[in-house]
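Undergrad: no sequence for this one, just the structure:
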């Protein structure tokens, strides 16, 4: 699924990385616990989170997340946006709660990290 499709499905706003909307994500993961992201997410994923501090970007970089979508209308601060831009990590934001955002993406065909056996 492309980030452009994610944007449409979630009614999301692109905060940064609009040039990367054709980028593909292979699966999705929703979590506000970065320790769970480190433990369970796979590379080439979309991370849905309400955590808007720079740690979310640093964690995403460590596990090769392709993009972050902030849920519940949470907008990251400029420090987080600048860090993501320096890493080439697209950021989106949706007003949807995490449960609904994940559900819409799953219904549209984006698998969860536990379903897909993925190796880079």
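TA: Happy to help now that I have it. Being a predicted model, the structure only gives us computed values, none of them experimental.

Undergrad: who touches the nearest residue to residue 85 once chain neighbours are set aside in this structure?
TA: The spatial neighbour of residue 85 that comes closest, neighbours along the chain excluded (C-beta to C-beta, 6 or more residues apart in numbering), is residue 16 at 5.2 Å. Placement of C-beta: from N, CA and C, glycine included. Neighbour list for residue 16: 81, 84-85, 90-91 [criterion: C-beta atoms under 8 Å, 6 or more residues apart in numbering].

Undergrad: Write down the beta-bridge partners of residue 16, one by one.
TA: Beta-bridge pairing for residue 16 (DSSP bridges): residue 91.

Undergrad: quick one: it and residue 35, what's the gap?
TA: Look at residue 16 and residue 35: by C-beta to C-beta, to the nearest Å, they are 25 Å apart.

Undergrad: so who does residue 72 touch?
TA: Residue 72 neighbours (C-beta under 8 Å, 6+ apart): 50, 95-98.

Undergrad: same thing but 7 Å
TA: Contacts for residue 72 were tallied using C-beta atoms under 7 Å, 6 or more residues apart in numbering; they are 50, 97-98.

Undergrad: sorry, back to before: mind picking the two most distant members of the contacts of residue 16?
TA: Farthest-apart pair in those is 81 and 90; separation 11.0 Å (C-beta to C-beta).
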